[in-house]
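Colleague: Show me how the following folds:
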Amino acid sequence: MDELVAILAKLRAPAGCPWDREQTHESLRGALLEEAHEVIAAIDARDLTNLREELGDLLLHVVFHAQIAAERGDFKFADVAAEACEKMIRRHPHVFGSEEQRLAGTDAVLTQWEEIKRREKGGAGGETDSAMHGLPTSLPTLIRAQKAQAKAARVGFDWPGDGVAPLLDKLREETAELQGALDEGEPAAIE
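Modeller: Below you'll find the predicted structure:
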């Protein structure tokens with residue numbers, strides 16, 4: 001990692017590459033997204049040789065953004081890595097905590113993850129209390145819809161079965177609640 005960080009620093013230095021020096025967080029957005037999609041394509045193709053290469057390209061972008069930030073005095077790559085380590089430990093108390101914190105399965109892990117994330121982001125009464133908070137608006141529409149449904153399911157908005165009848169019943173219930181709040185003129189309830 002130290003070598004990769006040093007390479008990016010040299011590319012961005014005054015005697016480095018003109019193209020690399022001109023890049024900004026904003027100018028690299030499209031390339032970062034493209035690299036992420038190339039990683040996904042390699043996974044889908046089950047091409048481990050290409051996956052290794054594409055993961056390297058994606059990592060290069062992480063280091064590139066960290067180098068830009070370091071030059072501005074915002075943060076360094078070591079800060080990015082340290083924060084990732086701290087987050088993984090914090091959000092996995094069932095692994096790094098006491099035995100009493102062990103969880104039974106994936107659903108329990110995901111529920112705990114979302115609860116810890118909500119607390120970290122300042123939940124409990126703020127706008128981050130929404131189950132949809134943090135859902136990136138830049139995601140492609142279908143992926144965003146899938147992630148929204150998964151988040152909704154974790155807070156009880158999921159119905160088993162093949163039919164739509166339970167969904168329509170819930171929609172009618174929620175519509176009636178909204179109508180009641182509108183009739184009463186209760187802004188908080190309407191919201």
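Colleague: only C-alpha atoms for contact and neighbour calcs from this point on.
Modeller: Fine.
Colleague: Any idea how far apart the tips of stretch 135-149 sit?
Modeller: Chord length of stretch 135-149, first to last residue, is 11 Å (C-alpha to C-alpha, to the nearest Å).
Colleague: ditto for stretch 122-136
Modeller: With C-alpha to C-alpha as the measure, stretch 122-136 spans 18 Å from end to end.
Colleague: Show the average pLDDT along that stretch.
Modeller: Across stretch 122-136, pLDDT averages out at 64.
Colleague: shaky segments in the protein?
Modeller: Within the chain, the stretches with pLDDT under 70 are 99-101, 123-129, 160-162.
Colleague: In it, spot the helix with the most residues.
Modeller: helix 48-71 (DSSP state H).
Colleague: what ranges do the strands span in the chain?
Modeller: For the chain, strands defined by DSSP state E do not occur.
Colleague: so where do the helices sit in it?
Modeller: In the chain, the helices defined using DSSP H lie at 2-12, 18-22, 29-44, 48-71, 77-90, 93-96, 106-120, 141-154, 165-184, 187-190.
Colleague: Specify the angle between the first one and helix 77-90 in degrees.
Modeller: On the basis of axes from the mean of the first three to the mean of the last three C-alpha atoms, to 10 degrees, helix 2-12 is oriented at 140 degrees to helix 77-90.
Colleague: Please spell out which residues along helix 2-12 are buried.
Modeller: Residues of helix 2-12 classed as buried by neighbour count (16 or more other C-alpha atoms under 10 Å): Val5, Ile7, Leu8, Ala9, Leu11, Arg12.
Colleague: Hmm, Ala69 and the fourth one touching each other?
Modeller: No - the criterion here is C-alpha atoms under 8 Å, and Ala9 misses it with Ala69 at 11.3 Å.
Colleague: still on that earlier bit, out of the helices of the chain, flag the one nearest His133.
Modeller: Shortest distance between His133 and the helices of the chain, using C-alpha to C-alpha, is found for helix 106-120: 8.6 Å.
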